[in-house]
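Participant: quick one, structure for this:
(one chain, ligands or ions: 3)
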Amino acid sequence: MEIRTNYAADNYTIHVDHGILESRLANYSAGYDAVHFLVDHNVYELYKSSVLSFIDSPIILEGGEASKSFDAFKRITEALLERGVQRHHLIVVVGGGAVGDAGGFAAATVLRGVDYIQVPTTLLAHDSSIGGKTAINSTHGKNLIGVFYRPKAVIYDLAFLETLPDDEMLSGFGEVFKHALLNNEETVRNLMAKTQEQISLDVLKPFIIRGIETKMHYVLNDEKESGIRKHLNLGHTLGHAIEYKYKMPHGIAVVLGLYFMMFLSNRVEGRELFDLDHFKQYFIHHGYPIQKLKSIDEEEMMALMGRDKKNQSRGAIGFVLMKSIGRCHFTEIENTELKKYLSYLKESL
Ligand SMILES: NC(=O)c1ccc[n+]([C@@H]2O[C@H](COP(=O)([O-])OP(=O)(O)OC[C@H]3O[C@@H](n4cnc5c(N)ncnc54)[C@H](O)[C@@H]3O)[C@@H](O)[C@H]2O)c1
Ligand SMILES: O=C(O)C(=O)C[C@@H](O)[C@H](O)[C@H](O)COP(=O)(O)O
Ligand SMILES: [Zn+2]
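Facilitator: Numbers count the residues shown, from 1 in each chain. Ligands and ions are numbered 1, 2, ... in the order given. This next block holds a predicted model:
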């Protein structure tokens, strides 16, 4: 399966299939003088004698959020320079969203930009590897330092997902669910019906493809996030605050944020757009810690959400809410009002 972007120029292809990595990569590499690999530590350990055996002395990244620190950024860029990286070389980033964000940022900044290819290895990375958002974290919050920088290709070899731990499947499913909400009611209904008991890769495949297509719609229309791309941040305003505070996997925190988004959308619209009990039971059934929302500290969450890149006005925080499934809007909620909503949320659980 191939999805081609349609920008005015500099398009790229997203390849999605089983067992495609080595052959696809060989085609792309042929056009470059040298290739440098940045590979997630766990992925390299799991695949160095099989799928990744063709890689010679990669630069290893620790994996997880540690890859998105200033220290890691220094190590990656210094290692690339030490190896003599040049502008006519190619960087290949192999790993989940953390390594993808960090490696993409290194590729974008070293020598002011070297071509790179994303090789996502997690379910969540069906989201993070496309669209060109790269970033590292700050002590002030997630993804606060980064640039938009398009990859030359994305090679999503689904064979990697076979070794993904359960909590990382759950995390990735959070973004699959977000894309379904952005898509339409039928997609959400089908997804929930099919994953009533178990979230398996076989069942997810068509929803992954649909998720990529949904994301591309927003990215192609608003690459630099001045308008509708903000909708891809559905559930992320509180989600990022929770992820940062509790060191929870990104997509699991996003699900908690999506639940708050549903709660807020109902309140703001003044009617029951979302059957909260239905979604709560479904999320809890799959192991999402919805009850954690009961113990959040309103002030602390608001301070963290105050750093969100979507914020526009002092004294208010920006949220993506829904009028119905598939129809989002961006709105700002004044701080005192928001604090009340967070308290109501806690009381409701
Ligand atoms: N740029 C974007 O558009 C975008 C979108 C969504 C999320 N993100 C970012 O993505 C990050 C989360 O990414 P993630 O969920 O992929 O987590 P991750 O990259 O931290 O990987 C999760 C864990 O799984 C391990 N792992 C990776 N692939 C594996 C495999 N095939 N088998 C076994 N273990 C494997 C990693 O070593 C790590 O320990 C967050 O930092 C988030 O902010 C970015
Ligand atoms: O691609 C986008 O745009 C997104 O918002 C996708 C999100 O799932 C992702 O977590 C992204 O990294 C969030 O970006 P941020 O700039 O709000 O940190
Ligand atoms: Zn996300």
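Participant: interface residues of the stretch 1-150 of the chain facing ligand 2?
Facilitator: Asp127, Gly131, Lys133, Lys142, Asn143 (CB under 6 Å from any ligand atom). (C-beta placed from N, C-alpha, C; glycine too.)
Participant: from these, pick the one nearest ligand 2.
Facilitator: Nearest to ligand 2 among these is Asn143, at 3.3 Å by CB to the nearest ligand atom.
Participant: can you pull the contacts of whichever residue of the stretch 201-349 of the chain sits closest to ligand 1?
Facilitator: Closest residue of the stretch 201-349 of the chain to ligand 1, CB to the nearest ligand atom: His250 (4.1 Å). For His250, the contact set (CB atoms under 8 Å, 6 or more residues apart in numbering) comprises Gly97, Leu124, Ser171, Gly174, Gly239, Glu243.
Participant: near ligand 1 too, which of these?
Facilitator: When contact is defined as CB under 6 Å from any ligand atom, those meet ligand 1 at Gly97, Leu124, Ser171.
Participant: between the residues you listed, which is closest to ligand 2?
Facilitator: Nearest to ligand 2, judged by CB to the nearest ligand atom, of the ones next to ligand 1 among the contacts of His250 is Gly97 at 7.5 Å.
Participant: got JSON lines for the contacts of His250, with secondary structure and pLDDT too?
Facilitator: Shown next, in JSON lines, are the contacts of His250 (DSSP: H, G, I helix; E, B strand; the rest coil; pLDDT from 0 to 100):
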{"residue": "Gly97", "secondary structure": "helix", "pLDDT": "98"}
{"residue": "Leu124", "secondary structure": "coil", "pLDDT": "98"}
{"residue": "Ser171", "secondary structure": "helix", "pLDDT": "98"}
{"residue": "Gly174", "secondary structure": "helix", "pLDDT": "98"}
{"residue": "Gly239", "secondary structure": "helix", "pLDDT": "98"}
{"residue": "Glu243", "secondary structure": "helix", "pLDDT": "96"}
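Participant: just among the residues you listed, which is most surrounded?
Facilitator: When neighbours are counted as other CB atoms under 10 Å, the busiest of these turns out to be Gly97, with 30 neighbours.
Participant: dump the residue contacts of the residue lying closest to it once chain neighbours are set aside.
Facilitator: Spatial nearest neighbour of Gly97, excluding adjacent residues (CB to CB, 6 or more residues apart in numbering): Ser128 at 3.3 Å. Contact analysis of Ser128 by CB under 8 Å, 6+ apart lists Gly96, Gly97, Gly100, Asp101, Pro120.
Participant: would CSV of those residues with secondary structure be doable?
Facilitator: Listed next are those as CSV, based on DSSP: H, G, I helix; E, B strand; the rest coil:
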residue, secondary structure
Gly96, coil
Gly97, helix
Gly100, helix
Asp101, helix
Pro120, strand
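Participant: which one of the residues of the stretch 1-150 of the chain next to ligand 2 has the most neighbours?
Facilitator: Among those, Asp127 has the most neighbours (other CB under 10 Å), with 28 neighbours.
Participant: hang on, isn't it packed against Gly97?
Facilitator: Yes. Counting by CB atoms under 8 Å, Asp127 touches Gly97, with 7.2 Å between them.
Participant: who does Gln118 form a beta bridge with?
Facilitator: Counting by DSSP bridges, Gln118 is bridged to Val93, Val154.
Participant: burial measure for it, as a count.
Facilitator: When neighbours are counted by other CB under 10 Å, Gln118 registers 30.
Participant: just the strands in the stretch 1-150 of the chain please.
Facilitator: Ranges of strands within the stretch 1-150 of the chain are 2-4, 13-17, 35-40, 59-61, 90-95, 115-120, 136-138, 141-145, based on DSSP state E, counting those that start in this stretch.
Participant: give me the helices and strands touching the first one, please.
Facilitator: What that stands for is strand 2-4. In terms of contacts (3 or more CB pairs under 8 Å, 6 or more residues apart in numbering; DSSP states H and E), strand 2-4 is packed against strand 13-17, helix 201-221.
Participant: if you set the cut-off to 6 Å instead, what comes out?
Facilitator: In terms of contacts (3 or more CB pairs under 6 Å, 6 or more residues apart in numbering; DSSP states H and E), strand 2-4 is packed against strand 13-17.
Participant: is ligand 1 within reach of the strand it packs on?
Facilitator: No. If you take CB under 6 Å from any ligand atom as the test, strand 13-17 misses ligand 1, and the best it gets is 13.1 Å.
Participant: any residues touching that strand, and which ones?
Facilitator: Contacts with strand 13-17, where a contact means CB atoms under 6 Å, 6 or more residues apart in numbering, come from Met1, Glu2, Ile3, Arg4, Arg24, Ile130, Ala153, Val154, Ile155, Tyr156.
Participant: how about 10 Å then?
Facilitator: Residues outside strand 13-17 that contact it (CB atoms under 10 Å, 6 or more residues apart in numbering): 1-5, 21, 23-25, 27-28, 118-120, 126, 129-130, 151-159, 205, 208-209, 212-213, 215-216.
Participant: cool, and stretch 188-204?
Facilitator: Stretch 188-204 is contacted from outside by 123, 126, 158, 161-162, 164, 166, 169-170, 172-173, 176-177, 179-184, 206-208, 210-211, 278-279, 282, 285-287, 325-326, using CB under 10 Å, 6+ apart.
Participant: and stretch 70-89, by the same measure?
Facilitator: So stretch 70-89 is contacted by 31-36, 38, 57-62, 65-67, 69, 91, 93, 98-99, 102-103, 105-107, 109-116, 136-139, 145 (CB under 10 Å, 6+ apart).
Participant: could you pick out the buried ones from those residues?
Facilitator: Among the contacts of stretch 70-89, the ones that count as buried by 16 or more other CB atoms under 10 Å are 32, 35-36, 38, 58-62, 65, 67, 69, 91, 93, 98-99, 102-103, 105-107, 109-110, 114-116, 136-137.
Participant: understood, closing this out.
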